[in-house]
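K.L.:
could you work out the structure for the sequence below:
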Amino acid sequence: MVCKMDGDDVQIINFEDADLKNATVLAGFPSIGLVSTIVANYLIDALNLRQIGAMDSSQFPTLSVVHTGEPLSPVRIYAGALGNGEKLAVFVSEFKPKPTLINAISTAIMKWVHEKGCTLLISPEGMVVEGKSAEEENTADAYAIGSTEKARMTLRAKQIPEFKNGIIAGVSGVLLNQGKHEGFDVIAILAEAHPNYPDARAAASALNVIGTLVGTDINVVPLYDEAERIEKQLQKFHKQAKPIVSGSSQPPQPSMYG
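P.N.:
Okay, here's the model as predicted:
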């Protein structure tokens, strides 16, 4: 069954009528260090979630993502269950939305969450922290903020560090505001991330917080292994670039997935 939910040129297409009552929903739209994208894809793969729908708009990139011979929309919705039986739905996007689309995307997500009877919406983000030492850069702290007093009490009860002051932009920021206006629990997770490459360590830090929130352990060891691989590759390229940087205004750019 295909069911469409329209609004402001962004629509959600439900491929099946999945039972998501009391489920947790994760919004994975690209951010600093691709934290949200890494988190969303990791959960989809690790939990073997199935695709239950897609998001579409005339303003989305005109492309199809082909994976194992199957065409996929650039924004998809997956669902399944955690190890403790809790239901989980994940939005994952292959592109960073234009600023003019962020409100419409967030509104469509909130409408869908209400329609499905979900109870918690989590939006992970990358956050740049300046002034950290070299040793501190090898660790990624994560903070969280809730849209409602109930959500903030949950953070305190689970001893998750709260984000106190600053600006949260993009989909996470709009979802927080909409959650507050509608009295719906939205939690944004802010993981310290490197802005210049996919930060798997930051994604692992965000996943640890998500695991605490939903009451289950999420194995993030593969992500830490990936972070070490990326860092070693960066060190290799930096070492190779040193002799020629002085004679070139544009040093070689490493490929993160080569």
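
K.L.:
contacting residues around the closest residue to Ser73 other than its chain neighbours?
P.N.:
Of all residues not flanking Ser73 in the chain, Ala54 sits nearest, at 3.9 Å (C-beta to C-beta, 6 or more residues apart in numbering). Where you see a C-beta, it was placed from the backbone N, CA and C, and this is true even at glycine. Ala54 is in contact with Ile12, Ile13, Phe15, Leu72, Ser73, Val75, Arg76, Ile77, counting by C-beta atoms under 8 Å, 6 or more residues apart in numbering.

K.L.:
PyMOL command to pick out the buried ones of those?
P.N.:
Buried residues within those, by 16 or more other C-beta atoms under 10 Å, are selected in PyMOL with:
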select buried, resi 12+13+72+73+75+76+77
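
K.L.:
mind listing which of the contacts of Ala54 are in strands?
P.N.:
Members of the contacts of Ala54 lying in strands (criterion: DSSP state E): Ile12, Ile13, Leu72, Val75, Arg76, Ile77.

K.L.:
quick one: low-confidence parts of the stretch 1-150 of the chain?
P.N.:
Filtered on pLDDT under 70, the stretch 1-150 of the chain yields the residue ranges 1-8, 130-140.

K.L.:
quick one, strands of it?
P.N.:
Assigned by DSSP state E, counting those that start in this stretch, the strands in the stretch 1-150 of the chain fall at 3-5, 10-14, 24-28, 50-57, 65-67, 70-72, 75-81, 87-93, 120-127, 142-146.

K.L.:
ok, Val113 to Pro161 distance?
P.N.:
Applying C-beta to C-beta, to the nearest Å, the value for Val113 to Pro161 is 25 Å.

K.L.:
ignore what I typed, I meant Gly215.
P.N.:
When distance is defined by C-beta to C-beta, Gly215 is 18 Å away from Pro161.

K.L.:
which pair of the ones in strands among the contacts of Ala54 spans the longest distance?
P.N.:
Maximum pairwise distance in the ones in strands among the contacts of Ala54, criterion C-beta to C-beta, is 15.2 Å, between Ile12 and Leu72.
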